[in-house]
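Trainee: next one to model:
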Amino acid sequence: IMHAMRHPMKAISLLAALLLIFSACEFERSELYDEAESAAGLQDALFNLHAVSVGYDAVNLEWNVVPDAVSYRYFRALSDDFTSTSPIEVAGTLYNDTGLTPNTRYYFMVCAQYSDGGEDCSKVLSLRTNSLPVPQNLRVTATTETSVSLAWDAVSGVTCTYVMYRNGVALGTSGTASFTDSAGLTVGMTYTYYVKCDVSPFGQGGQSNEVSTVIPISAPSGLTITSNTSTTVNLAWNAVAGAVRYQLYRDGIMIGDLTTNHFSDWNRNANATYNYSVSAVDSGNRESSKSAAIDITMPADNFIGLGYSMISVQSYSTARIYGSNSTN
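Mentor: Coordinates of the predicted model:
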C-alpha cells in the first residue's frame with residue numbers, strides 16, 4: 001500500500017479492488033444471514049414447537065407432524081447446549097415432561113428422524129416453570145401480652161399448607177390463612193413474622209412480606225370499686241410491672257391518663273349505670289389490652305329521697321288538719 005501511495009493511479013486502483021472485495025464479502029455474509037434466518041423461519045414453521053401448559057414441575061409440549069418423519073427425538077437441558085443430553089424417543093407430537101424443578105428455566109428441542117437416517121431439528125424453545133405461590137398481605141390483627149394474631153390473603157388455585165416463621169425460625173403450620181402465636185412470648189420484645197406456602201410435593205415457595213410487633217405489658221388485674229356515693233365512684237387496681245401510667249375507660253371512652261393505680265370519678269348521675277376498665281402503658285407508649293370490665297349502678301340521691309318523704313308527710317298532715325277543721 002505504501003508503494004501504491006507513491007503512485008496515485010495505482011493507489012486508486014488498489015482501493016477500488018479492496019472495496020470490491022469488501023463489498024463482495026459483505027454481500028456474501030448478508031446472503032448467509034438471510035439464508036440462516038430463512039432456514040430458522042422454515043424450521044420454526046415446520047415444527048412449531050410450543051408449550052400447551054406449564055406447571056410447577058411439568059411442561060406439556062406439542063409440535064407439528066413433520067412430513068416423512070418416522071419418529072422424534074426430544075431434548076431437554078438447562079442450557080441450549082444439548083451435546084451431553086440424552087434424547088427421549090417419542091412416537092407422537094405431544095410430550096408431557098415431568099419431574100422438573102419449580103421456578104427453573106429449561107431449554108427444549110425436538111428432532112424429526114427420517115427412514116433414510118436423516119434428521120431435522122426444531123428451534124430451541126426456552127421456558128421457565130412456574131414459581132410456587134407466595135402469600136400476600138401478611139398483617140398483625142391483634143397483639144396482647146400473651147399472643148400475636150396474624151392473617152394474610154389466602155392462596156387460590158392450589159392446596160397450600162402455610163408455614164409461619166418468627167424471627168427466621170419456622171414456628172408452626174396452618175391450613176387456613178391465619179395463625180396465632182402464643183409460644184413463649186416476652187413482654188417488651190419485638191417479633192418479626194413471615195409466612196410461606198408449602199405445596200406438596202414441591203416444597204415451599206417464597207416468603208411473604210414481613211411484619212413486626214412488640215409484645216405489650218400485661219393488662220391490669222384486680223380492678224375494683226373501693227367505695228362510692230350517688231355521684232362518685234372510687235376505683236383501684238393492681239399495679240403492673242413496667243407500667244409508667246394507666247388509662248382508665250368509662251363506657252369505652254378514656255377519662256383518665258394516670259400515674260397512680262387508683263382514681264375517683266366525680267359528678268356521676270344517681271341511678272345511672274357505668275362500665276369501667278383500665279389499661280397499662282409502658283415507657284415506649286405502648287398500651288396493654290384492657291382489664292376485665294366492671295359495672296356499677298349508682299344509688300339514688302339520699303337527700304332528694306329524704307326531701308320527698310318530708311314533703312309527703314307534710315302534705316298528709318295538712319290534709320288531716322283541714323279535714324278535722326271541716327268536721328268541726
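Trainee: partner residues bridging Ala51?
Mentor: Taking DSSP bridges as the rule, Ala51 bridges to Leu61.
Trainee: my read: Asp282 touches Val244, true?
Mentor: Yes - using C-beta atoms under 8 Å, Asp282 is in contact with Val244, at 6.4 Å. C-beta here means a position set from N, CA and C on the backbone, and glycine is covered the same way.
Trainee: neighbour count: these two, which is higher?
Mentor: Neighbours were counted for Asp282 and for Val244 using other C-beta atoms under 10 Å; Asp282 has more, 19 against 13.
Trainee: so what's the more buried one closest to, chain neighbours aside?
Mentor: Leaving aside its sequence neighbours, Asp282 sits nearest to Ile217 (C-beta to C-beta, 6 or more residues apart in numbering; 4.8 Å).
Trainee: I'd like the distance between the one you found and Ile88.
Mentor: Distance from Ile217 to Ile88, counting by C-beta to C-beta, to the nearest Å: 65 Å.
Trainee: name the residue in the two with the higher neighbour count.
Mentor: Ile217 (23 against 13).
Trainee: partner residues bridging the residue positioned nearest the centre of the chain?
Mentor: Nearest residue to the geometric centre of the chain (C-alpha atoms, centre = their mean): Gln136, 2.6 Å. Beta bridges link Gln136 to Asp153, judged by DSSP bridges.
Trainee: point out where the chain drops to low pLDDT.
Mentor: Scanning the chain for pLDDT under 70 picks out the ranges 1-42, 302-328.
Trainee: what strand or helix carries Asp44?
Mentor: Using DSSP states H and E, Asp44 sits within helix 8-47.
Trainee: Ala151 too?
Mentor: Assigned by DSSP H and E, Ala151 falls within strand 148-153.
Trainee: next secondary structure after that strand?
Mentor: Past strand 148-153, further along toward the C-terminus, the next helix or strand under DSSP H and E is strand 161-166.
Trainee: pull that following strand out as CSV, backbone CA atoms only.
Mentor: Taking C-alpha atoms only, strand 161-166 is exported to CSV below (Å, rounded to 0.1, in the frame of the first residue of the first chain):
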residue,chain,number,x,y,z
THR,A,161,-50.0,-25.6,53.9
TYR,A,162,-48.9,-22.3,55.4
VAL,A,163,-45.7,-22.3,57.4
MET,A,164,-45.3,-19.4,59.8
TYR,A,165,-41.8,-18.1,60.6
ARG,A,166,-40.9,-16.0,63.7
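Trainee: parallel or antiparallel, list what pairs with it.
Mentor: With DSSP bridges as the test, strand 161-166 is paired with strand 169-174 (antiparallel), strand 190-199 (antiparallel).
Trainee: list the helices and strands the helix or strand following the last one packs on?
Mentor: Following the chain from strand 190-199 toward its C-terminal end, the next helix or strand by DSSP H and E is strand 203-204. If you count contacts as 3 or more C-beta pairs under 8 Å, 6 or more residues apart in numbering; DSSP states H and E, strand 203-204 packs onto strand 190-199.
Trainee: determine how far the strand it packs on lies from the middle of the whole chain.
Mentor: 9 Å (C-alpha atoms, centre = their mean, to the nearest Å).
Trainee: ditto for stretch 111-129
Mentor: Its chain's average C-alpha position is 43 Å from that of stretch 111-129, according to C-alpha atoms, centre = their mean.
Trainee: cool, and stretch 137-149?
Mentor: 14 Å.
Trainee: list the buried residues in that stretch.
Mentor: For stretch 137-149, the neighbour count (16 or more other C-beta atoms under 10 Å) marks Leu138, Thr143, Glu145, Val148, Ser149 as buried.
Trainee: how about stretch 199-209?
Mentor: Buried, per 16+ other C-beta under 10 Å, within stretch 199-209: Val199, Phe202, Gln204, Gly205, Gln207, Ser208.
Trainee: distance of Asp57 relative to Leu132?
Mentor: Distance, Asp57 to Leu132, using C-beta to C-beta: 10 Å.
Trainee: what's the overlap in contacts for the two?
Mentor: Common neighbours of Asp57 and Leu132, counting by C-beta atoms under 8 Å, 6 or more residues apart in numbering, are Pro102, Phe202.
Trainee: quick one, helices of the stretch 201-328 of the chain?
Mentor: In the stretch 201-328 of the chain, the segments counted as helices under DSSP state H, counting those that start in this stretch are 302-327.
Trainee: run through the residues that contact Gly99.
Mentor: By C-beta under 8 Å, 6+ apart, the neighbours of Gly99 are Asp57, Ala58.
Trainee: for it, grab phi and psi.
Mentor: Dihedral pair for Gly99: phi 80, psi 20, per degrees, to the nearest 10.
Trainee: ok, what's across the strand from Asp120?
Mentor: For Asp120, the beta-bridge partners are Ala112 (DSSP bridges).
Trainee: wait, it sits on Val110?
Mentor: No - using C-beta under 8 Å, Asp120 is not in contact with Val110; the gap is 9.6 Å.
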